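S.K.: Need a 3D model of the sequence below.
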Amino acid sequence: MMFWYGDGMTGWGSPVMAMGMVLLWWLVGLGVYVLVRRLHRSDGPAAARLTPEQVLAERFARGDIDETEFLRRSEVLAGGTRPVGKP
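M.R.: Numbers count the residues shown, from 1 in each chain. Next comes the predicted model:
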């Protein structure tokens with residue numbers, strides 16, 4: 001009988017199998033990384049659809065900017081004159 005003759009790994013068998021396992025685990029890790037990045041994305045699809053006016057209104061509502069800054073920036077967005085320096 002010729003079954004189970006030798007170790008079955010001749011020539012490049014062992015190095016190719018080792019490189020294949022490294023490549024497999026690298027691809028699995030990359031897949032997990034991409035999946036986690038997509039699930040925990042902070043700038044979801046809703047953020048991509050906001051207009052500049054909506055972003056400005058949100059900043060005003062959060063208290064990031066005051067009323068005068070809000071009105072000045074709203075005027076600039078509406079196409080008014082652009083201020084050169086700070087008033």
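S.K.: Heading C-terminal from the helix or strand bottoming out on mean pLDDT in the chain, find the next helix or strand.
M.R.: Lowest by mean pLDDT, DSSP states H and E among the helices and strands of the chain is helix 45-48, with a mean of 57. The helix or strand immediately downstream of helix 45-48 is helix 52-62, counting by DSSP states H and E.
S.K.: buried stuff in that following helix?
M.R.: Leu56, Phe60 (16 or more other CB atoms under 10 Å). The way it works is simple: take the backbone N, C-alpha and C, and place the C-beta from them, glycine included.
S.K.: what comes into contact with it?
M.R.: Leu50, Ile65, Glu67, Phe70, Arg73, Ser74, Leu77 (CB atoms under 8 Å, 6 or more residues apart in numbering).
S.K.: which residues of the protein fall in helices?
M.R.: 13-39, 45-48, 52-62, 67-77 (DSSP state H).
S.K.: Could you check how far Leu35 is from Leu24?
M.R.: 17 Å (CB to CB, to the nearest Å).
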